[in-house]
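Dropping the sequence and predicted coords here.
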Amino acid sequence: MTEVVVSKQIKVEAVNAWNKLASFRGIEEISPIEKSITEGEGAGATRTCYLPDGAAIHEVLNKVDNNTMEMEYKITEGPFPVEGYVSTIKVEGVDKSSCKVTWGCEFETLSENEQAMSELFGGFYNVIIDNLESALQN
């Protein structure tokens, strides 16, 4: 099992960051995803994300906990050479105007794909967290 974790402090109120991420909607507003379609709400919701090349990533929201500001989703089908991808997101308040966002995943892949997939997902999480900060500060 390979694990990737990105944790960053951003100048956004924790509740605002959490509300944006926990909705499981509009990921294209803060990520390299070109468009997404979300069906349902809360645990069990599904999201299909489309990359600029048209490739689709199918995801299911496993759990959302508004009290601890933690959520978990999995990729059920996608263009990446990975199996068992499960991602966790946690938002923690640091002070009144900033929070720490931790976004990580675990997956299985062939050893020759491990570094490339770790870099891809880690890069993706860094971009999303940075863009989340920019989008919510405006």
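Sure thing, it's come through. Numbers count the residues shown, from 1 in each chain.

can you list the weak-confidence ranges in the chain?
Counting by pLDDT under 70, the chain has low-confidence residues at 138.

What residues of the longest strand anywhere in it count as buried?
Of all segments of type strand in the chain, defined using DSSP state E, the longest is strand 83-95. Buried positions in strand 83-95, judged by neighbour count with 16 or more other CB atoms under 10 Å: Tyr85, Ser87, Thr88, Ile89, Lys90, Val91, Glu92. Where C-beta positions appear, they are placed from N, C-alpha and C, glycine not excepted.

Let me know the closest of these to Phe124.
When the buried residues of strand 83-95 are compared for distance to Phe124 (CB to CB), Ser87 wins out at 10.0 Å.

Quick one: residues contacting that closest one.
Applying CB atoms under 8 Å, 6 or more residues apart in numbering, one finds that Ser87 lies in contact with Glu72, Tyr73, Lys74, Ile75, Trp103, Gly104, Cys105.

Where helices are concerned, which of the residues you listed count?
In helices, judged by DSSP state H, none of these are found.

With respect to Val5, which of these is nearest?
Comparing the contacts of Ser87 against Val5 with CB to CB places Gly104 closest, at 3.6 Å.

Could you measure from the nearest residue to that closest one once chain neighbours are set aside over to Glu83?
Spatial nearest neighbour of Gly104, excluding adjacent residues (CB to CB, 6 or more residues apart in numbering): Val5 at 3.6 Å. As judged by CB to CB, to the nearest Å, Val5 and Glu83 stand 19 Å apart.
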